[in-house]
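>>> Fold the following.
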Amino acid sequence: MDRRYLINMLLSVACAGGLCSDLQSSALAQGQIIDEHVSLGPEGTEISGVNSQAPLTAVQLDEMIERIIKREHDEIAAFDLYSPVVETYIQEVKFKQAFGTVPKSDYYFLGQADFRGRLKVHTMIEGGKKRSFLWSFEPAGFLQMIYIDRGEFDKLHYRFKYSGREFLGEVRCIVFDVSPAPKVRGPRFVGRIWVEDQDFTVVRINGRYAPTNHFSWKTFENEYYLHFDSWRTNVKSGLWLPSYVYSQEINPATLFGNPSYKSSTHLWGYRLKQGSREEELSRLLVESANPVKDESSQHDRSPLEAQREWRHEAENYVLDLLERDGLLAPRGEVDKLLNTVVNNIEVTNSFDEQVDLRCRVLLTSSLEMFSVGNTIVVSRGLIDVVPNEETLAALLAHGMADAILPKPNQDQYAFSDILRLASTEVLKRLSFEEGKVEAAENNEKAMELLKKSPYASKLANAGLFLELLQSQAKELKQLISPQLGNEIYFATQLRQAGPALEPGNKAQIGALPIGSRLKIDPWTAGVSLMKSKPMGLISARDKMPFEVTPLLPYLTRYVEVSEVQSDSDAMVAFRQ
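Numbering: from 1, shown residues only. Now for the predicted structure:
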């Protein structure tokens, strides 16, 4: 079949290999010191009685490589036991002289990873955009980037060159440069791997598969292999699972060339649990030998009370479903941060005590917000790009206005059978989108709330955020397309309150890059605030609003966590 310039990223696996013979002979002949401080075994023990302070011989290095290979096979087998949620967001980019690469268009995939047999991603959304006229992106291709080699990781196919040691966060690693053995066939990995020094688990993979282009007889299409930087997280003692992949290709602009793009892939929810409500324990019925007293006068519900409890039941069913399928983060520190902002608005507006509003975090990267009963759901992507507390407050005020109004169409969810949906059907079957008229009314109510709030004097910053987002709406169609709820409402009143856009002014920060605020626990699907330090901008290129950027995780070894970060520390992240 003729080449069709299809970037069908069903990446073939690379293979692993052995130590090249010339390196072995050189090390033996010269008594080469590889690294006199490398910890060789589990918990710092030695390999075959070798003193960790003595020079490593080629035999000892070869034994280390054998352990790395065996450990990687164990890891690959462990992956097959799980079906995490996998999300890939891609921005096709173009070059602008003053700002470097900026978004040109975007693509979005969300699904469940299936590691059994041929790699698959079972989509959870309706028809995510993934192609142009000349090429296509494939979700399984980005999932493939979690591997060095899925099938032939052995010394027959690869050569390893020791490159030193390095700390990735708190984890000490041994670094190897990896390349295909001579005369091996098929696409093979070329790049660098980082191996933690206790169990010899690969924790980072950086490179690409070569040759770059490969015609696949399985798909009868030309496959193009991409650079990637893949990370694993220590989620349990002795278990490291893939959590994040960054990929990019910046190519010269040509008529029939491959696209220039940046992408981020997140994996989470390896251990999804059925959601549980905190009030469940209070509903347990305990049998008693004493006669039952008639307390109907205390427990009968009025029609209004019954209606509210019915809606609360529907709300709980929806939230439990979303949490069960890894779409909603478990309750945590970020919810408390959002609740604090909501409470600040409630207090100054003298809310009725019966209105109990609270917030939860949707785990998707799309910028969206909606309400389910009294719960305001805000997406991770939206929280990531919000530059300050007053902008967050303006967005939450709209959500509050939406949550205050009863929604009879959601009452149906109180019937338990309606939400018995497969994980891949939830986003396709449910919708919490408000109508245009309702959105406008909610915006008017939100402005009333904000004018009485502590944020009233700083709403120009919120207007700047909305104006900047509106200016890039054409290029970021997938980012602003909601999966369950509503697009961000471009409130005219707020936008007019903001200053004029000055893209070249490095002091005007209207929005942050994607991934600036939150990080996901790949095991529990929980979210927490990133603990990064602020950095001064050198030029306008450093602003990168709404853009995909690399993520360099701070690796740590697994420890049992008993306490969460304090609420005050969480708020500091938005006020810096």
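>>> Stretch 104-115 - what's its average pLDDT?
What stretch 104-115 shows for mean pLDDT is 95.
>>> need the contact list for the residue most central in space within the chain.
Nearest to the mean C-alpha position of the chain, by CA atoms, centre = their mean, lies residue 266 at 4.0 Å. Residue 266 makes contact with 86, 87, 243, 244, 365, 520, 522, according to CB atoms under 8 Å, 6 or more residues apart in numbering. Every residue, glycine included, has its C-beta placed from N, CA and C.
>>> Double-check that it belongs to a strand.
Yes. With DSSP: H, G, I helix; E, B strand; the rest coil as the criterion, residue 266 is part of a strand.
>>> Show me the beta-bridge partners of it.
With DSSP bridges as the criterion, residue 266 is bridged to residue 87, residue 244.
>>> Strands along the stretch 351-500 of the chain, start to end?
Under the criterion DSSP state E, counting those that start in this stretch, strands of the stretch 351-500 of the chain are mapped to 358-362, 369-372, 375-379.
>>> among these, which is nearest residue 201?
Residue 201 lies closest to strand 358-362 among those, at 29.7 Å (CB to CB).
>>> re earlier: looking at the strands of the stretch 351-500 of the chain, which is buried most?
strand 369-372 (a mean of 24; mean count of other CB atoms under 10 Å).
>>> which other helices and strands contact that strand?
Strand 369-372 sits against helix 303-324, strand 375-379, helix 389-404, with contacts defined as 3 or more CB pairs under 8 Å, 6 or more residues apart in numbering; DSSP states H and E.
>>> SS state for residue 76?
Secondary structure, three-state DSSP: residue 76 is helix.
>>> isn't it right next to residue 146, touching?
No. Using CB atoms under 8 Å, residue 76 makes no contact with residue 146, being 9.5 Å away.
>>> chain center to stretch 398-416, what's the gap?
Taking the mean of its C-alpha atoms, stretch 398-416 sits 28 Å from the chain's own mean (CA atoms, centre = their mean, to the nearest Å).
>>> if we can go back for a sec, to residue 325, which of the strands of the stretch 351-500 of the chain lies closest?
Residue 325 lies closest to strand 358-362 among the strands of the stretch 351-500 of the chain, at 11.6 Å (CB to CB).
>>> Can I get that closest one as CSV, trimmed to CA atoms?
Output of strand 358-362 as CSV, limited to C-alpha atoms (Å, rounded to 0.1, in the frame of the first residue of the first chain):
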residue,chain,number,x,y,z
ARG,A,358,-19.8,21.5,48.6
CYS,A,359,-17.2,20.8,45.8
ARG,A,360,-15.7,17.8,44.2
VAL,A,361,-13.0,17.4,41.5
LEU,A,362,-13.6,15.8,38.1
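>>> for residue 342, phi and psi?
Per-residue torsions, residue 342: phi -60, psi -40 (degrees, to the nearest 10).
>>> how much space between it and residue 349?
Distance, residue 342 to residue 349, using CB to CB, to the nearest Å: 11 Å.
>>> Of these two, give the one with the bigger neighbour count.
Legend: neighbour count by other CB atoms under 10 Å for residue 342 and residue 349, higher for residue 342 (20 against 15).
>>> Can you read off the pLDDT for that one?
Looking at residue 342, its pLDDT reads 96.
>>> Residue 496 versus that one, what's the distance?
Taking CB to CB, one finds residue 342 at 25 Å from residue 496.
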